[in-house]
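>>> Build me a model:
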Amino acid sequence: MKIFGIGLKMASVMVVAVALVVVPLHEARADSGFYVGGSLGQSTIEADFSGAFDDFDEDEFSWKAYGGYNFDLVFIDLAVEAGYVDFGSPSSNNIDLDVDGWDVFALAGVELGPIGLFAKAGMIAWDAEASFGPFRESDDGTDPAYGVGARFSLGSFEIRGEYEYFDVDSADDVYLLSAGLVWTF
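Here you go, the predicted structure:
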């Protein structure tokens, strides 16, 4: 007996092979539901202070905490996420900065077994304080933010690596490279 032009024995082998691949991939998928996470990383802030000082270009230890909701669909993951990010306190050329912010993102991703790739877009409400010797100045704003990342799922836990770019109007470049853990409950 033939099914789709191939023998019954071969068709049975193909069905078992597909099942062995698809079932583990389904089990490795990220969970739907609420999640919380935290990441550590390095931020880079580049700015030009109107020629009064040399250009500011510094890296600093950073961290962030976030939470969201993941809608795990059949072929794509969608999520909404909000969090707090501390860009650290970089200093250079007698300029000290202290920058942090609250962000909100929409995420879209795909899963390739236990590994997932995602992109995100949103906004950050940031606050910066700068000191130039005895002078202090503060600034704040709300600007677009973008990112890409990868994750490795281990049941309800995942390891996440991300690159995020914050299009802060008052700076040339602000970006964050981080790695962290996420728990879906």
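>>> residue boundaries of the helices in the protein?
Under the criterion DSSP state H, the chain contains helices at 8-27.
>>> Which residue would you name as the spatial centre of it?
Nearest to the mean C-alpha position of the chain, by C-alpha atoms, centre = their mean, lies Glu162 at 4.3 Å.
>>> Quick check: closest non-adjacent residue to that residue.
Nearest residue to Glu162, sequence neighbours excluded (C-beta to C-beta, 6 or more residues apart in numbering): Gly149, at 3.7 Å. C-betas here are computed from N, CA, C, even on glycine.
>>> Low-confidence ranges, the protein, go.
The model of the chain has pLDDT under 70 over residues 1-31, 49-54.
>>> What strands flank the lengthiest strand in it, and is each parallel or antiparallel?
Ordering each strand of the chain by length in residues (DSSP state E) puts strand 135-154 first. Strand 135-154 has the following strand partners under DSSP bridges: strand 115-132 (antiparallel), strand 157-166 (antiparallel).
>>> And those strands: which comes nearest Phe56?
Among the strands paired with strand 135-154, the nearest to Phe56 by C-beta to C-beta is strand 115-132 (9.0 Å).
>>> what about the closest one, distance to the chain center?
Distance of strand 115-132 from the chain centroid (C-alpha atoms, centre = their mean, to the nearest Å) equals 10 Å.
>>> rewinding a little: what's the longest strand of the chain in contact with?
Outside strand 135-154, the residues that touch it by C-beta atoms under 8 Å, 6 or more residues apart in numbering are 28-30, 103, 105, 109, 111, 114-131, 158-170, 182.
>>> Just the buried ones from those residues?
28-30, 103, 105, 109, 111, 114, 116, 118, 120, 122-124, 126, 128, 130, 158, 160, 162, 164, 166, 168, 182 (16 or more other C-beta atoms under 10 Å).
>>> picking that back up, from what I can see the residue nearest to the centre of the chain touches Ser178, true?
Yes: counting by C-beta atoms under 8 Å, Ser178 is a contact partner of Glu162 at 5.4 Å.
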